[in-house]
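Participant: When you get a sec, could you give me coordinates for this:
(2 chains)
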Amino acid sequence: MTFHDRTPCGTVCADHAGNAVSLAGWVDALRDHGEVLFIHLRDRSGIVQVVIDPASADRPVCDLADHLRNEYCIQVSGKVLKRAPGTENPHITTGGVEVAATRLTILSRSKTPPFNISEKSMLAGTTVHREETVAEDLRLQYRFLDLRRPAMQDQLLKRHAITRTIRNFLDEQGFVDVETPMLTRSTPEGARDYIVPSRHHPGTFYALPQSPQLFKQLLMVSGMERYYQIVRCFRDEDLRPNRQPEFTQLDLEAAFIDEEFIYHLFEELTVRMFAVGRIDLPRPFPRMTWLDAMNTAGNDRPDLRFGMRFVDATTIFENTRYAIFRQILDRNGCIKGITVKGQSDRLSKNILQNEYAKEIVPGFGAKGMTWMRVTDAGLESNIVQFFSETEKSAILERFGAGPGDVILMIADPSWHLVCSALGQLRLHVAGRLGLIPEHVFYPVWITDFPLFEATDTGVTSSHHPFTMPDRTDFDPENTDDLLRLKSRAYDLVVNGEELGGGSIRINDRDLQHRIFQALGLSGDDVNEKFGFFLRALEYGAPPHGGMAVGLDRAIAMILNAPSIREVIAFPKNRSAFCPLTQAPSEVSEDQLAELGLLDRGGPAPLPGASQAKDPVTAVSWVSRIGLNPDRPNEKESMRTVLDQARALTAKVRQAVEKIDDDNAGALFSVAPAANRFREGNTAKICALSENKDLFKNAPAMKGGYFKVAPVLE
Amino acid sequence: MDTIVFAYRPPASDTEIPDGPLSGMRVLLQPDLFVKNWPADAGSKALAGFSAVFDATVIARLRAAGAVPAGFAPMAEFGFGINGSHLGRILAADEFLHAGLMTDMLGEARMAASLAGLWGFKPSWGRVSRYGLTGLVPSMECTGVLAKKLSDIPKILTRISGADANDPSMRTDPPLDVSGLLDATAPAGASLRIGIPEALATGNAAREAEMSIAREALSKAGFTLKNVTIGDLSLFAAAHQVAAAVEASSSAGKYDGVRYGFRAETSGNWNDMYLETRGQSFGPLIKALLMQGAWFQFQDYPGFEAACTLRQHLVNQTNALFNHVDLIALPTREADADPLTANMPADTYDAFSLTLAANLTGLPVLQVPGTSADGPNAADTAGANQAPGFQLMGPAMGDIAVLRAGLALSSHLQGVIS
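Facilitator: You can find the predicted model right below:
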């Protein structure tokens, strides 16, 4: 068996007609026409039809072909024939030809796959019925089969094309791919680390990198000048549907550069990446300061594909009689709003008042929402009677609103809250009314972030502590001054998603120290956590900066994939579990012992262990029957009740031991078990569900569903 | 009369009742049986505000036969025990009521009948559909019938019994055939052998007195009395309690405040919602039983399996008794047991120690009312002056034999209306 003369299935074409070819691949589909058998043979390059016809193939070949099933791996030799006119298959690129087999070898048999792999119909005018309902966990468990699907292979091939584009471009620009370690040190910034116990140094741990941040900066100190890496990063964060515990990042750093270099470089790179998905991005990308983004879209990753930018209405109401606005403005609050153009037909009073004002907007954290519909007669709202004529005309003018428009406003003493709630409202309304254009890509640079954010005790870095501030003359003890600092950081946002971000870094040891000081880190803390890095800054660190792009997310966007799992070969599921390898899994006691992990708890109990050991608490939890904390004797009485339960089974066991009756198996019901089948064989909807009687007794429902508390807070 | 306090009485013109064999019969119910559009909280806060969206099979069959659902009597939570149950008392006191249906898991129907001086019958398990019964302990519970006149019991049973496609757990037997049973000329079964468990009929003054009345009546009816040994009743109780707690824990799993019933106000996530809703849904007795059930399910499942093995053994042992006797007579309640105030699993099981064997084994059993010092059916509200009476238990599916013996016996009982 040799494969040296193998022709890829997808490349067979009319030019080969009359030639002998040798093919190998998988049986995508079979069609049996009595004597003649048609096979769709699939390899990575595509599909070609193979015909096994007793007229051209020997008897043993025909007999062997009878045994073929879907997904058998086979080798075929034969002659390329043009298909008779009218029998061409438009679904496959090789649809004009077929291969008449003369030799057939079964290389490997296949069990029946748990789901359908074939995506191409064998007949013109019909389509393959693909069961889109294949559970994702089943697909992930049989990922090796899922990836046989041409659609999945195409995603991986395109992903490859994108990363190749990145490598080629950065290579042209003089960037060097340098690998940084995976087993590194836990640093206390950002998300939780994945930690790896060390066998040689029992009781100590490596951490998997959340990003190669410090290493890439060290490479700049080393004089590599231009570094990049397509690198795996690890973050042990809370579960989100579109988040993976490990993800791929394009990580880049360059010395002797400024922001303009990064903008220029990444705009060109992004344009080339999107071109792989046949998406044209116009350059230059617009830029927006963080403050503008917050003030006009309420979000530091604004979706600018549609309008509805914020209008500040605070000054309109400076002298208002409307008590709610009055109180908010007295507390230095602000009022912002959006105009929804020409949608008053679809945003009825009922929707605005009962859905948005009462339910949806409070969910965004705001206490309320003010709505006004613009009619030919002027403003219409439940509160418009509190506004003066001057205020009413100022509203119409400032919001540029006319008949048919709807104005939505949010007012609150907190500027942050107004922006954030109105930003969510803007997205909600646009999504609901279908105002977000599809297949449009709107990249934007967000700049001038605040360097610090306020916390209860002082300040914390908005980005990370190595980001260069816009000025260096600050007082690290003065919180107000610190909060006024801007950072030289930038984010690349497309359609409301952050594709990447970065900053110009601090290359001065003293400045870095003052930043740590501002963050309230003691000298010892800093030395313990970042000593190695600060030392490097003492040896002539060049000015430098960089950027990192989340590749999985970017590729999913370019390929219009519904989730990032569709563009990762072997992803974890939504619960950060791998159904294919069943990871994470338990390890043996021996392994733990070897790593010195067994008795680490020492005499101190593990957290939560005491609750698990208290039988009343444990039973209350597993049965989800809460005990009243205000009635401590309830818990004591339950303790007695469980003591009785133990005594009962003790008594039962004693009695069972004495039984010498061979017929005493466990009895669960006194009626003999019998198989019973429900009449009929078609699924039907319960009448009570159909006439909605099932909802009659519901404590809370919404839109045809029972409403419950959120799964996660 | 101040004792007649219904939990629910339908408006006069609730439903058209067709003419039928039970026309004119007014049946008192408990809110654990679904009657369409009636409140159906089964005595529990867990189902607060719940109203039935269909008729239970039993109710539909009663209506079809012409009987009138007269209302709901207050009941113990999920019908477990009779603390809070008023059905027996109301039925005895209200001259317009003829019979009552009461779920029997531990002996509740018989105990309520005993306290009120009424006839009470628990059919064989699987005779009567549980579709539309809220229930708690599926393998033990059975709709029991209480009546002032014994002859009303077979009339009702023949209507409500029999296979139901909506209850796949039950037996597939046809409705109970009572033809001939109520015919005065039918043979009274004088040749019946009645087993009396000696250990239960002696060594306790109250039981001894009651069982001697029973012996006298049984002998007068011409039955032959034999001694039998029924075994240690505390083992029946232990097996019953372990299995019942586990079944109750499973059955009550659905009370989570999502689709119906009570939901606690919480600010937390759905675990908090469940914990608080379920924590506040159940009264002390049910909460304790569910905690025991969860203990067996999650911490000692082999203990539950052992209880089921013991149950099989006790069922075999009890069935074997019927090789030597036709029926077994045994006392109903201890003089000092107070089922009306029992509010924890331990005292509840103590109060029902003499009745629960029939539930564990699924056997048919008739409560024969005791005589009252003040004449028939004249017990005071607490049943204190009401003699307990005794039980007649038959072999599996021997419901007819039990009722026939009861009818033969009734004319020989002093101070009891048959």
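
Participant: what's the domain layout of chain A?
Facilitator: A:9-108, A:154-278+A:551-567, A:306-436 (automatic domain parsing).

Participant: TSV please, covering those and showing distance to B:A396 and mean neighbour count.
Facilitator: (Each C-beta comes from the backbone N, C-alpha and C, glycine too.) TSV is the format used below for the domains of chain A (distance: least, Cβ to Cβ, whole Å; neighbours: other Cβ atoms under 10 Å in any protein chain shown):
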stretch	distance to B:A396	mean neighbour count
domain A:9-108	53	18
domain A:154-278+A:551-567	54	17
domain A:306-436	58	17
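
Participant: Quick one: those domains as TSV, columns for distance to A:G520 and mean pLDDT too.
Facilitator: Listed next are the domains of chain A as TSV, based on distance: least, Cβ to Cβ, whole Å; pLDDT from 0 to 100:
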stretch	distance to A:G520	mean pLDDT
domain A:9-108	56	94
domain A:154-278+A:551-567	13	94
domain A:306-436	22	93
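
Participant: right, so of the ones you listed, which gets closest to A:P443?
Facilitator: Nearest of the domains of chain A to A:P443, taken as Cβ to Cβ: domain A:154-278+A:551-567 at 6.6 Å.

Participant: what's the nearest residue to the residue of the stretch 151-300 of chain B found nearest chain A if we skip its chain neighbours?
Facilitator: Nearest residue of the stretch 151-300 of chain B to chain A, counting by Cβ to the nearest Cβ: B:G279, 2.7 Å away. Leaving aside its chain neighbours, B:G279 sits nearest to A:G626 (2.7 Å; criterion: Cβ to Cβ, 6 or more residues apart in numbering or on different chains).

Participant: Centre-most residue in chain B?
Facilitator: By Cα atoms, centre = their mean, chain B has its centre lying nearest to B:D104, at 2.3 Å.

Participant: Wait, that residue touches B:V137, no?
Facilitator: No - counting by Cβ atoms under 8 Å, B:D104 sits too far from B:V137 to count as a contact (10.3 Å).

Participant: one step back: dihedrals phi and psi, the residue of the stretch 151-300 of chain B closest to chain A?
Facilitator: Here is the backbone geometry of B:G279 (degrees, to the nearest 10): phi -60, psi -30.

Participant: Same question for A:K529.
Facilitator: Per degrees, to the nearest 10, the backbone of A:K529 is at phi -90, psi -40.

Participant: Number of residues surrounding it?
Facilitator: 17 (other Cβ atoms under 10 Å in any protein chain shown).

Participant: can you check A:L595 too?
Facilitator: Neighbour count of A:L595, defined by other Cβ under 10 Å: 17.

Participant: wait, what's in contact with B:L47?
Facilitator: B:A40, B:D41, B:T134, B:Y255, B:Y260, B:G261, B:F262 (Cβ atoms under 8 Å, 6 or more residues apart in numbering or on different chains).

Participant: helix/strand/coil for the last one?
Facilitator: Recorded secondary structure, B:F262: coil (DSSP: H, G, I helix; E, B strand; the rest coil).

Participant: hang on, isn't it packed against A:P699?
Facilitator: Yes - judged on Cβ under 8 Å, B:F262 makes contact with A:P699 at a distance of 7.3 Å.

Participant: Would you mind measuring from the residue nearest to the centre of chain B to chain A?
Facilitator: Distance of B:D104 to chain A, computed by Cβ to the nearest Cβ, to the nearest Å: 14 Å.

Participant: In space, what's closest to that residue - neighbours in sequence excluded?
Facilitator: Nearest to B:D104 is B:G144, by Cβ to Cβ, 6+ apart, at 3.9 Å.

Participant: wait, what's in contact with that neighbour?
Facilitator: Counting by Cβ under 8 Å, 6+ apart, B:G144 has contacts B:L101, B:M102, B:T103, B:D104, B:E108, B:A109, B:R110, B:G120, B:F121, B:K122, B:P123.

Participant: Now do stretch A:683-702: everything it contacts.
Facilitator: Stretch A:683-702 is contacted by residues A:704, A:706-708, B:49-51, B:53-54, B:257-263 when judged by Cβ under 8 Å, 6+ apart.

Participant: what mean pLDDT would you report for the host helix or strand of the residue nearest to B:D104?
Facilitator: Under the criterion of DSSP states H and E, B:G144 resides in strand B:142-147. Regarding strand B:142-147, the rounded mean pLDDT is 96.

Participant: Name the strands paired with that strand and say parallel or antiparallel.
Facilitator: Strand B:142-147 sits in its sheet next to strand B:99-104 (antiparallel), strand B:119-122 (antiparallel), going by DSSP bridges.

Participant: in a helix, that's where A:E453 is, yeah?
Facilitator: No - per three-state DSSP, A:E453 lies outside any helix segment and is strand.

Participant: So for chain A, the centremost residue is which one?
Facilitator: Geometric middle of chain A (Cα atoms, centre = their mean) lands on A:N242, at 1.7 Å.

Participant: Would you mind confirming that it is in contact with A:E566?
Facilitator: No - using Cβ under 8 Å, A:N242 is not in contact with A:E566, being 10.5 Å away.

Participant: Pull up the overlap in contacts between those two.
Facilitator: Both A:N242 and A:E566 lack any common contact, where contact means Cβ under 8 Å, 6+ apart.

Participant: tell me which element A:T93 falls in.
Facilitator: Per DSSP H and E, A:T93 falls between elements, in no helix or strand.

Participant: Next, B:A40: phi, psi?
Facilitator: phi -140, psi 60.

Participant: Could you check how many residues crowd around it?
Facilitator: Number of residues near B:A40 (other Cβ under 10 Å) recorded here: 25.

Participant: give the contact list for it.
Facilitator: Taking Cβ under 8 Å, 6+ apart, we find B:A40 in contact with B:P31, B:D32, B:L33, B:F34, B:L47, B:F50, B:S51, B:A52, B:T134.

Participant: All the strands of the stretch 101-250 of chain A, residue numbers only.
Facilitator: Along the stretch 101-250 of chain A, the stretches classed as strands by DSSP state E, counting those that start in this stretch are A:176-177, A:195-197, A:205-207, A:226-234, A:246-255.

Participant: hang on, isn't A:K82 packed against A:G96?
Facilitator: Yes - taking Cβ under 8 Å as the definition, A:K82 is a contact partner of A:G96 at 6.6 Å.

Participant: show me the contacts for A:A20.
Facilitator: Neighbouring residues of A:A20 by Cβ under 8 Å, 6+ apart: A:S77, A:G78, A:K79, A:V80.

Participant: Chain B versus that one, what's the distance?
Facilitator: Going from A:A20 to chain B by Cβ to the nearest Cβ gives 65 Å.

Participant: Distance-wise, check that residue relative to A:D5.
Facilitator: Distance of A:A20 to A:D5, given as Cβ to Cβ, to the nearest Å: 9 Å.

Participant: what's the burial count for the residue nearest to B:G279?
Facilitator: 20.

Participant: sorry, back to before: for the residue nearest to the centre of chain A, what are its contacts?
Facilitator: Listed by Cβ under 8 Å, 6+ apart, the contact set of A:N242 reads A:R553, A:S563, A:I564.

Participant: Just put those in a markdown table and tack on distance to chain B and secondary structure.
Facilitator: Listed next are the contacts of A:N242 as a markdown table, based on distance: Cβ to the nearest Cβ, whole Å; DSSP: H, G, I helix; E, B strand; the rest coil:
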| residue | distance to chain B | secondary structure |
| --- | --- | --- |
| A:R553 | 28 | helix |
| A:S563 | 24 | coil |
| A:I564 | 26 | helix |
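
Participant: In the stretch 101-250 of chain B, what residue lies closest to chain A?
Facilitator: With Cβ to the nearest Cβ, the shortest gap between the stretch 101-250 of chain B and chain A falls at B:G126, namely 4.1 Å.

Participant: Report the secondary structure state of A:I360.
Facilitator: Using three-state DSSP, the structure places A:I360 in helix.

Participant: Sorry, slip of the keys, the one I care about is A:L648.
Facilitator: Following three-state DSSP, A:L648 is assigned to helix.

Participant: what's the neighbour count on it?
Facilitator: A count of neighbours around A:L648, defined by other Cβ under 10 Å, yields 26.
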